[in-house]
Structure formats: structure tokens, C-alpha cells
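Q: I would like to see how this sequence folds:
(2 chains)
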Amino acid sequence: MTSTGSLSAAASDDLQPQAPYAQPQGAYDEAFDFARAVRPHWQLVMDNIARLGDDAMQDRYRRAQRILRDDGATYNLNNDPLSPTVWSLDIVPNVIEQAEWQIVERGLAQRATLFDLIYQDLYGEQRLLKEGIIPSEIIFSHPGFLRQCHGLKLPGTHQLIFHAVDMVRGQDGHFIAIGDRTQAPSGTGYALENRTVVSRVVPGMFRNANVLRLSSFFHTVRQTLANLVAHKTDSPRIVVLTPGAYSSTYFEHAYLANYLGFPLVQGGDLTVRNGKVWMKSLNGLTQVDVILRRMDDSYCDQSELRADSRLGVPGLLEVARNGNVVLANPLGSGVLEAPALLAFLPQISQFLLNEPLMLPSVRTWWCGNPDEKNYVLANLEQLIIKPAYRSYNSRSVYGHSLDEQTRREIIEQIEQNPHSYVAQSYIPGAIAPIWNAHNIEPRPSIFRGFTVADKEGYCVMPGGLTRVAESTAEAIVTSLSGAMSKDTWVVSDQPDNSSLPVLDAQPRDRAEASNLPSRVIENLFWFGRYAERAELSLRLMRTIFKQLNGIEPFPPESRDVLLSAMSQLTGCLPGFTEDPELLENPNDELAALVIDGERVGSIKYNLQSMLACGEQVKEMLSADTRIILNELRDHILAVDEAYRDGLPAVPEESLDSLVTSLLALSGLTHESMLRGMDWMFQEIGRRTERALQTATLLKATLTSHLPSLQQQQILESVLLSVEALISFRRRYRTRARIAYGLDLLMIDASNPRSLIYQIDQLRKYLNELPRSYTQSSGLNAENRLIIKSLNDIQLADLEALALIDEDTETRVNLEQLMTQISDQLDQFTSLLSDKYFDHTAGPQQLIKAQWKADI
Amino acid sequence: MRYRVRHLTEYQYSSAVTLCYNMTHLLPRNTPKQQCLSQRILVTPTPIYQSAGEDYFGNETFYFSIQEPHKKLAIEVECFFEIEEEDLPNQLQLHDMTCGDLRRLLAQPWTPELRMVKEFMLDSTHIQCSKLLRDYAAETFADEVPVLQAALDFTHKIFTEFTFDATATDVTTPAETVLKERRGVCQDFAHFAIACIRSVGLPARYVSGYLETLPPPGQEKLVGADASHAWFAIYVPELGWVEFDPTNDLMPNGQHIVTAWGRDYADVSPLQGVIFDGGETHSLSVSVDVQRI
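A: Below is the predicted model of the structure:
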């Protein structure tokens, strides 16, 4: 149906630009008219592409990819933390001229108004059903019609706050709605990210195109959400509720939360108490007024909706019912997504608005009507068959693609349950040009427009999300996942000079800004711990590789100590500690400790855990941090590659870049992060872990009695692994006494890797943490543990620690002290976690089956 | 006739429940022939939040949450009723619309009432229509048979062909299994009847409530011997919803107290919700006392 033209052909003749591909059959072409000339509003874009030329366009394309990855713009369908699916974006925008857009805009606003009224009617008077405007079984059999939400009422005139419509252009260029999203419409964040990226990679094109800005839309979002509780408070607490990091659109939730300046919370971060909703945070419970909901209806409340949900907030619906919290969109709005509604919209519009429907919907036949069913069965080949209601697993069936047997099955299903099926005619969608590896190619497209309620009516985003099929052959743009997206430019004759108040006009006090959900704090704490754990294991691993492959001979006694220290440090026990065989042939075990991600404690495991914690608090990470984490992902993949066939020839080589990335990460934390509670807990995590690991390392390496050469090798190895060997030699020349080593590794407060340094830092941080009001005078338990550990170290007699006990042939004093410090630190972390992290186990259902009428 | 209903529900948990959120359908509703004179509900420990309301079907709801740790939860309901008796034999005789006529009417619903009644003809949480059930009920609900007569016959059919057995089923047992086993409790019989009636294309709904157990002559009525009960209702134009009790083979009249109605048990379950903590095992005891006063 199409052919691909090269760019040079298009660029060669400026006066008579030729379309780079042939007229698509049966479809509208966004960019070229019937004479194959560039449509005027596309001229600037096409000229720019031609002027940039192949190389520059490729370069821009790669830049866009890099920015998207660094922004963490993912559309995750797998849970692999190492290679998330990066959001797919074409750098050529889709361009719509303003005059045409205004028609779409009015249509969208009217449609949102209409759906708002439908929601109010279905959950209120039900006149649409009583008068037979909508056949009642469409609603009554819809699992998204939540009778529990009957009578639910948001303050203000609108019930439906957000509405999105998927549209295609028919052959004549008119927009036709093919589906509505009303539950928790996604895409606004991706649209914003697309705009940000495209305007950065083709700034020249963007600057001159008079593109209408998107910011006004988000400003309205913020205003509208705040206005929902304006009758109660001037400083509403608004949160974004996400199903969590495994949700496919999690990036968008985090992105929007940050852009709008609202905390991002998961179900477990909220709790219902005293008939209100609260966020569990470091400072205790904070009341929540408005919830921007990105979770599907039925998952929101285990006590009244799906009892098996693991995401919701038990009791939430009742709080919404009593008006103490506002959910946008309101619960129960999923029913409005029913494809069957489209068949009745013109009548509904007349009935509720007394107006004709401005934006037409695709022709839809509801099989519950016998005549329409007969039509559908007779014309199956031309139609798309859909379940009458939309759900997660609802699949559309394309009539022309059916083999004889499936065809018979479908007909049988429709005959069995006619009211559960609708059919729609198929509209291919307008052809839009994309940049695909050196060429402009045609792709069928679909467009999602967004509306948000405002004071008067509905405000339409000037733009939206265009998606195109991945390949030319694919005639149908299916879901968000399989498609590539495009920025959508609504272009005007004049520059958009609208000046908006700064988005964050409302004052936010500092205390509130630093008031983070406990889950965020906990994840940052563990982010710090895993980072440190990975780094110290990496350092020892490098040292082992250097020593084993070094020029100087490394006697078995020394080797055994280092290897078993590796097992102890990673916690992968027994490992080298009990197996003489393994000590003789350590390569496989060492390789596994590096790259076996399934093994708890391995280097890869710790790095993956760190990345997973990072993903959970995506919205808290700076752009630079995300860049480093992406580099780290690449390095992990490189190590995987290097270790694929076991230990490589120079095994430490590929580890260096991991250490460097981890150092960059901790450097960034130090140099660019505000000293808020997020920083504090990440630091506490790091210091605690480093202290614990150092104690373990000293115990594992320096307590056994060895001949002097071996003793010296071990001490030097330890010093090498913590980057203290040079300082040690400078200070003590070649006198490698254990006591000197302990001086540097334990009690030297100027060494940022010494034990005392970590614990002293912890002491300082503890004083900064929020205290509970009920606290009794004197030190609290965690403070006591830290001060005790500090004293234990300061009061230690180094010569006595270095002394070898004659009975056991070990340095008993050192061993005891290190064990004691480790125990105290373990206690410290569990106290900290009890106090600041959330430990609520999930709810359980009152067992229904037991409740039984028994006459 | 006047009644006093006392309904005590007690949960015992193996360890303390720290938080709970519950929606209940324990307070009886008013109906055209049943008038509530007074009612009270008492939850121990005292809820931190409670709220009474009305659900989608017009039933009374009572929502509560408790934040203090408790190993025992008690919900005590007491209400007084006035119930009118009706001339049922007369109704049966006068209302002679046949099943065929009603089906034709429902196929082209032309009044708001007929359109809204569709809600009770479709599948719901515990009700799945099927060919098997349709085959079982088709003859009873044949086109030429008056609807109410058919429902009465069907009630009798269930009563004679099924065995009351408190151990055979639970609330999730599907109607087809009940048909196969031919045993169950009032709830199963009600669900089974509803599933059959919907399978033959007629509207039926679930009714939950209480039943006065008549004491044998000369004996004192046993307190707490009665329990919550369930039956079904079928829709006919003009009369509206007419009730039938397949467990006792009769049409409720004066001795059945309605708590709530809905599409099936799931719409009116007495107590639903979630608890936090509370250990592995819970024990539940329910006692109901329905006294004529």
C-alpha cells in the first residue's frame, strides 16, 4: 500500500517537494494532500527534516533515545530491572493546525461533559436506564458498575475529573472517537515527556512552529484538584496513588507526581483512621484530602471491593462516601469505558444535553438488540468484535482474520450471550510520517486526547498522545505497548504568548515537603545499604583477583583467609569456609559470587536489589542519578558478558567500572542532594552497612594467627581493598603490625573508611531525626547503642586486640569486640526500622464462607 | 403481628485484631408490609468510626471500624417490627399472567419498571445461568403456566426433591452442584431457585432475613434456636415481588422478617470486610432470637 522514499529525493527539490511515500489507500494522510504536496501546516517540519539531513536526524534520534532512557521513561511490561522497556518515541511530531483543532477541542469538551452526566445518572437517578435510552442490561451486567458507589458525590459540579478519548481520522480527515478512558486515564505524563524530549532534540523546529503549550493543562489539573476541597482547606494535601513500580505506566505516575508536586504513594502508604485517610510518613500520620488515582476501581478498597487486591487501602470507599477524601476520578467510573455505550451516545447526548454529539463515535452495533446482532453475524468479516464491557483481559477480535473454527466459536458465543458483545466498524487511521533509520516512512496512527474538569466546564489539553504502528505492514495500532508514540503539535499562526503563573504558586512549607512516606524512606535506606554492600564486596573481590594472579607468590594460608572472608562478607555461606576442595579450585565459586543474580548476597544480587529500591523511589532520584544508574545497568550487562564462560582472564577488569559507578553515585549523593530526610536515611543506610561490613572484614581476616609473611600479605590485602595501603605505608613504612593496621582501620577518625568514622557519623545523623513527642528524657535506645559502640572502639587497647590467645591460636579480643560491634549495629538497624518504617502486614478477609445462614 | 428480633454475632480471634473495617447488612429494612418500630445496634469494642446508610437496593447498611486491639468482636442487633399478613390465596388466583406473557413483556420492556427489573435476570456473583438449570426448570415455568403458580410448584419441587443438610455446602457452592447433590441449606435452595428462574428468562431476587420458628404446643420457645434465613422472590407486573420459601415449602406470610434483598447473597452479606492481624483462626458464633410480642 505504500512505498518508502529516500530523504535525498525529498530534499532535492525545494520548490516542488515530493511526498516520500505514495498516497495511502483508503486512509487520510496527515502530512501530504491528494496531490502529494506537503500540507501547509507541515511545511516547517518537513523543511527542517530536509535541512537537517540524514546524519543530523539520526543523531537527534539517538539523543532522544538517550534522554528517554536517562529520564527513566519506561513502559514496563517485564520486571527485569536491568533492561526496562524504554518508551518509544518518534522525533517527528504529529502536526494539527489550530483551526481544525478547535473543532476537536469542542467535541472533546462536550464529550467529557456528557460522560460526567452519564456517571451522575448511573450512580444516581438512572433515568437513562428507566427511560430506555441505554438498554439496562448493558450497565447491570457490567462488572465495572459498582453498586457500592451508588450515591457517591464529589463536591462541586463535576464528578468526572479526567477523561481521555482515543480517536482516529477517517478517510475524509474527520476525527472519530473509538474509545473512552474514564477510570484512571493514562498518557498525559507521556505526552508531557514527549514534548520535553522533542523540543530538546529539535529545538529549531519547535521554536519556530508556534506550538501551543501543554503547561496550561497541567496548571488546570492542579487547580481543579485543589478546588475539590477548597471549601475545607486552603492548603490541600494531594497525593498520587499508584499501584506501584510493577505497574506498566509507573514512569508516568512518578513523572506526574514530580511535575505536579504531589507525593507519590502506594496503597500501603495510606491508612484509614477515624473515618479519614492518612499518609504514613516519617513524621507520623498526615491527613490526605485528595487522591489522584491511577489505580483501577476494583483494586482500591479490600473491605468493600475486590477482597483479593494487594494494592488498595481498606476502608477508602467509606471515606470517599462520607466526603472526607476526594478521589479523582471517582470510584465506579470504569463502567463508562464500556464499548457498548458508543452505540447509544447520540441518543444519550440528546437526552442529557439536548445537543447533537459533536465528535462522532465509530459505528458500533450492540448485539443485545436482535436486529443489530443479525447484522453483525452477517457482516463479521468487516467488523471488530469486542466484549460489551472493557476489562483487563478483554480482547478485540478482527472479523477478517478468523479461521473457520474460531469464527464458529465466536458466533456461538454471541448467540449465547448477545448482550455481552458489540461490533465496531474498522477505521484504519490516518497515515503519519515517521523517521525510521534514514527514511521518512508512513504509519497508521491513533490519537488520544485529554480533558480535565475546570470551573466552567472541561479544559482540553492542546495536544495529546499520537501513537503509530511499529511497522508499515501493521495496519492496526493496538495498545500503548506495541506502538511508537509521537509528540503532537497543535500549531497556531501566532506564537503562544500565554503567560502562566509559575506552576508551584502555592506555598509549601518545608516540613511538609520533607514529609515523605515511610516506604520511600525505607527504600532509600536500603538503596544505601545495598550500594555499600555491593561496593565492599567488589573491592575485596578485586583484591582477591589481584593477589591470586599477582607476580608475587601467594601462599595457600593467605589465599584461604581471603577466600573465606569473601564468603563471610557476602553472606554466601558456607562457601569457602568449610570446603577445602573449593579453596583449591575457587574460580567457579568466585564467578558465581560476582554474577549469579539468584544467589542472595552475590554482587549482582546486591546491585539488582539496589536498582529495585531505586525504582521504587524513582520520583526521588535526580536526573544525574538516573544517568549513573543506567550506566551501572550497562556495566552489569558487560560483566555478565565477560563472565559468561566462567572467570575471564583478567577478572577484575570489568569490575572496575562497577566500582567507579558506585563511587560516582555516592559522590553525587554527597555533592548534590539536599540534606533532607531522604538523604539522611540513605546515609544512615550506607554508614551502618559500611560499619557492619568493616567489622565482618576485620574479624574474618585479622583474627587468625598466621606466619609473619602471610600475616603481612593479609593485612596489606585488607588495606588494599579499602584503599588504605598507601596511607599505611606512608605512616608505618614497612612495619606491618596488626596493631598499626587496626589503628588505621578501626580508630583513625580521619579515615573515612574506618569503623569509628562510620559510627561517629551515625551519632551525628541520629540527632537530626524527628523525635516523638512522648519521648522520655535521656538517650533513646538507638542512641545508646551507637554511643556504646563508639566508646567500645575508642576504649579499645590495640596491643591487647592484636594479642594472640595461646589456647585458641586466635586474636580472641579482636574477635569478641568485632562480634559485639556487629551485634549492636544489628540491634540498631532493627530499632530504627521499628521506629521509622512501616510494618503493617496486609489485611485479611473476614472469612465469608463461615458466615452462613443455616436454616 | 409484632416481633422482636435479637441477633448476636460474635467473632473470636486467636490473637488480637489491631484494625478492622466492616460493612454490614444486619439492620432490617422497611418493606411494603413490614414496618420497623425501633432498632439499635451495639458493637463491642466501641467503633472509632461508624455510619448508617442505605445501599443501592435500598437496604439498611451499617459501617464500622475499630482501631483498638481486640480478640473478640460482638455485634448485637435488636429491633421491633410490625408485619401485616396478606391474602395470598387471593393473590394467586387473581394474578394469572403466564410465564410466556411475562417473557414476551420483558423482551420488549416498555415501562421503567420492566427495564429496571432486568437487573435480576442476569448473572451475578453467586448466580450463573445454564442450560442444565434451564432444563430442570423449563417444564415448571412453561409458557402457558401462570407465573405465581409456577413459582409455587417450583418451591414445592425443591422442597420434595432436595434434602436439608448443613454440612453439604458453603456459600460458594454453585447451583449446578446443589442440583447434582440434591442437598443444601436455605441459602443454597434460594440461590438454586433464583439461578433456575433466571435461566428460564424470568426475574428473581434473593431475600435474607429471619423466620419465627413456631414452638410445639405447650412448650416454651427456645431462645437462640432460630437463625438467619434466606428465600427468594419472583417479579410479576402489578403485584411486584412475590416471595417464596423453598426450605419450608410456603409463601412467607407474617412469619418472615426481611433484612435485605439483592441479586444474591453477595449483595446482602451480613458482615464483610477486612481485619489486620488476628492470627490464623477465627471462630464465629451467631444467635438469633425472634419472638412474637
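
Q: is chain B contacted by stretch A:142-154?
A: Yes: looking at stretch A:142-154 against chain B by CB under 8 Å from any CB of the partner chain, the contacts come from A:147-148, A:150-151. Bear in mind the C-beta positions are built from the backbone N, C-alpha and C, glycine included.

Q: tell me the one of the residues you listed nearest residue B:137?
A: residue A:147 (26.7 Å; CB to CB).

Q: with adjacent residues omitted, what lies nearest to the closest one?
A: Of all residues not flanking residue A:147 in the chain, residue B:56 sits nearest, at 3.8 Å (CB to CB, 6 or more residues apart in numbering or on different chains).

Q: show me what from the stretch 151-293 of chain B comes close to chain A.
A: So far as CB under 8 Å from any CB goes, the stretch 151-293 of chain B lies against chain A at B:166, B:170-172, B:185-187, B:208, B:211, B:226-230, B:247, B:267, B:269-278, B:282, B:284, B:286.

Q: number of residues surrounding the residue nearest to residue A:147?
A: 17 (other CB atoms under 10 Å in any protein chain shown).

Q: so where do the helices sit in chain B?
A: Assigned helices in chain B, in chain order: B:88-94, B:99-107, B:112-116, B:131-138, B:147-161, B:175-181, B:186-199, B:265-268 (criterion: DSSP state H).

Q: separation between residue A:538 and residue B:153?
A: To residue B:153, residue A:538 is 81 Å away according to CB to CB, to the nearest Å.

Q: these two - which one has more neighbours?
A: Neighbour count, other CB under 10 Å: between residue A:538 and residue B:153, residue A:538 has more, with 21 against 14.

Q: packing partners for the helix or strand hosting that one?
A: Secondary structure assignment for residue A:538, by DSSP states H and E: helix A:518-548. If contacts are counted by 3 or more CB pairs under 8 Å, 6 or more residues apart in numbering or on different chains; DSSP states H and E, helix A:518-548 sits against strand A:276-281, helix A:556-570, helix A:587-595, helix A:603-616, helix A:653-672, helix A:677-702, helix A:708-721, helix A:812-836.

Q: closest residue of the stretch 551-700 of chain A to chain B?
A: Ranking the residues of the stretch 551-700 of chain A by distance to chain B (CB to the nearest CB) places residue A:616 first, at 22.6 Å.

Q: surely that residue is in contact with residue A:521?
A: No: in this structure, residue A:616 is not within contact of residue A:521 by CB atoms under 8 Å, at 11.2 Å.

Q: what domains does the record give for chain B?
A: Here the domain assignment for chain B is B:2-83+B:269-292, B:88-267, based on automatic domain parsing.

Q: longest strand in the chain, please.
A: Answering for chain A, as no chain was given. strand A:439-453 (DSSP state E).

Q: wrong one, I was asking about chain B
A: Under DSSP E, chain B gives strand B:2-24 as its longest strand.

Q: buried sites along that one?
A: B:3, B:5-9, B:11, B:13, B:17-24 (16 or more other CB atoms under 10 Å in any protein chain shown).

Q: again with stretch A:371-388
A: Those would be A:372-373, A:376-377, A:380, A:383-388, for stretch A:371-388 by 16+ other CB under 10 Å.

Q: considering the residues you listed, which is situated nearest to chain B?
A: Using CB to the nearest CB, the buried residues of stretch A:371-388 come closest to chain B at residue A:388, 11.9 Å.

Q: what about the nearest residue to that closest one once chain neighbours are set aside, how many residues nearby?
A: Distance criterion CB to CB, 6+ apart; nearest residue to residue A:388, sequence neighbours excluded, is residue A:340 at 4.1 Å. If you count neighbours by other CB under 10 Å, residue A:340 ends up with 27.

Q: same question for residue A:826.
A: 13.

Q: what does residue A:363 give?
A: Residues within reach of residue A:363, counting by other CB under 10 Å, total 14.

Q: quick check: it touching residue A:424?
A: Yes: taking CB under 8 Å as the definition, residue A:363 is a contact partner of residue A:424 at 6.6 Å.

Q: which pLDDT does the model give residue 271?
A: Because you didn't say which chain, this covers chain A. Residue A:271 carries a pLDDT value of 94.

Q: I was after chain B.
A: 91.

Q: quick one, what contacts the residue lying closest to residue B:291 once chain neighbours are set aside?
A: Once flanking residues are discounted, residue B:291 sits nearest to residue B:4: 5.0 Å by CB to CB, 6+ apart. Listed by CB atoms under 8 Å, 6 or more residues apart in numbering or on different chains, the contact set of residue B:4 reads B:78-81, B:289-291, B:293.
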